[in-house]
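Trainee: Need coordinates for the following:
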Amino acid sequence: MSEAWDLSISPEKVCYFIVKAREFDVKDGMTEPDPASNATDDNMASVLEDQPDDPVEAELASAIWALNEDEQIDLVALAWLGRGDGKLEDWGDIRAQAAEAHNNRTGAYLLGIPLLADYLEEALAEFGESCQDFEMGRL
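Mentor: All right, here's what the predicted structure looks like:
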């Protein structure tokens, strides 16, 4: 962990959210809303479609809810930093704005951000961190 990292959320957890957000973002629109066959007959194509009961979305939302309030605030602030809403020197202000905006809809808010994984990855880079520094299987 770099010396610049002084957040409530660990870089490993952020990397977990990056991986899961990428899984969530690659989903394609539903091609057949009510297929007559089962998934194995269709070569499991439905796992790549955006379904109302998407387990990746549920897992991601659940993981966000499992974070404590400070970690949720840091995750939102990191998304904003990576999106370009400020520079690393503005971290205190960005985090303060995220704390002020914090509510019980953090999961839905973050899942609604297009390119969330890219923004979180960019924010990690701003802090001198990278997901390549961690073994993804151990997160």
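
Trainee: C-alpha only now, for contacts and for neighbours.
Mentor: OK.

Trainee: Let me know how buried Leu81 is, in neighbour terms.
Mentor: 23 (other CA atoms under 10 Å).

Trainee: for Leu88, same thing?
Mentor: 17.

Trainee: for Leu111, same thing?
Mentor: 17.

Trainee: residues in contact with it?
Mentor: Ala21, Glu57, Ala61 (CA atoms under 8 Å, 6 or more residues apart in numbering).

Trainee: Least confident secondary structure element in this structure?
Mentor: Lowest by mean pLDDT, DSSP states H and E among the helices and strands of the chain is helix 55-66, with a mean of 86.

Trainee: Any buried residues in it, and which?
Mentor: For helix 55-66, the neighbour count (16 or more other CA atoms under 10 Å) marks Val56, Glu57, Leu60, Ala61, Ile64, Trp65 as buried.

Trainee: Is the nearest residue to the third one once chain neighbours are set aside within a helix or a strand, and which one?
Mentor: Leaving out its chain neighbours, the residue that sits closest to Leu60 by CA to CA, 6 or more residues apart in numbering is Lys20, at 6.3 Å. Lys20 is part of helix 11-25 when elements are defined by DSSP states H and E.

Trainee: in terms of contact count, name the helices or strands touching that helix.
Mentor: Here helix 11-25 touches helix 55-66, helix 116-126, going by 3 or more CA pairs under 8 Å, 6 or more residues apart in numbering; DSSP states H and E.

Trainee: Helix 11-25 and the shortest one, what's the angle between them?
Mentor: Relative orientation of helix 116-126 and helix 11-25, computed by axes from the mean of the first three to the mean of the last three CA atoms, to 10 degrees: 150 degrees.

Trainee: before we move on, what about the longest one?
Mentor: Direction vectors for helix 55-66 and helix 11-25, defined by the same axes, to 10 degrees, enclose an angle of 150 degrees.

Trainee: what's the spacing between helix 55-66 and its chain's center?
Mentor: 9 Å (CA atoms, centre = their mean, to the nearest Å).
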